[in-house]
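Peer 1: Model the structure of this input:
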Amino acid sequence: QVQLVESGGGSVQAGGSLRLSCAASGMSYCRYDMSWYRQVPGKEREFVSGIAIDGGTRYADSVKGRFTISQDNAKTTVYLQMAGLKAEDTAVYYCKTDRCRRFGRKYDLNFWGQGTQVTVSS
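Peer 2: Sure thing, here's the model as predicted:
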């Protein structure tokens, strides 16, 4: 079992910034590939950004140039720095991990955090 705990959500005016954090725990010595998704009521959850432990990153087109994903050195915490926020960024943001890398081996995972609300007012 892996636990993911998000923090950093809140309310901000359009054009403002927020930084989300997500800390993973539960599997000793794991380094995690991690990603962020978001969901608004009535819509499917959508991919926002992802990072692998080798530092490779991916972004949805809608957030490129505004959001930056990063990890700590232990590869157990992921951050999402959000700038230039727009009203359409309003959503519940979820952290996910789908892989643990440990001692040269890979373990496929599918764990989600509880979500953190981001509200952007225009």
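Peer 1: which SS state does residue 16 fall under?
Peer 2: Here residue 16 is coil, with the state taken from DSSP: H, G, I helix; E, B strand; the rest coil.
Peer 1: so what's it closest to, chain neighbours aside?
Peer 2: Leaving aside its sequence neighbours, residue 16 sits nearest to residue 85 (C-beta to C-beta, 6 or more residues apart in numbering; 5.4 Å). Backbone N, C-alpha and C define where each C-beta goes, glycine included.
Peer 1: Relative to residue 102, how far out is the one you found?
Peer 2: Taking C-beta to C-beta, to the nearest Å as the measure, residue 85 falls 36 Å from residue 102.
Peer 1: between these two, which one's more packed in?
Peer 2: residue 85 (23 against 13; other C-beta atoms under 10 Å).
Peer 1: Please report phi then psi for the more buried one.
Peer 2: phi -60, psi 140 (degrees, to the nearest 10).
Peer 1: residues touching it, list them.
Peer 2: By C-beta atoms under 8 Å, 6 or more residues apart in numbering, the contact list for residue 85 reads 12, 14, 15, 16, 17, 18, 66, 118, 120.
Peer 1: switch to 10 Å and redo it
Peer 2: 12-18, 63, 66-67, 118-122 (C-beta atoms under 10 Å, 6 or more residues apart in numbering).
Peer 1: With residue 118 instead?
Peer 2: Here residue 118 is in contact with 8-12, 18, 20, 38, 80, 82, 85, 89-93 (C-beta under 10 Å, 6+ apart).
Peer 1: Alright, calling it a day.
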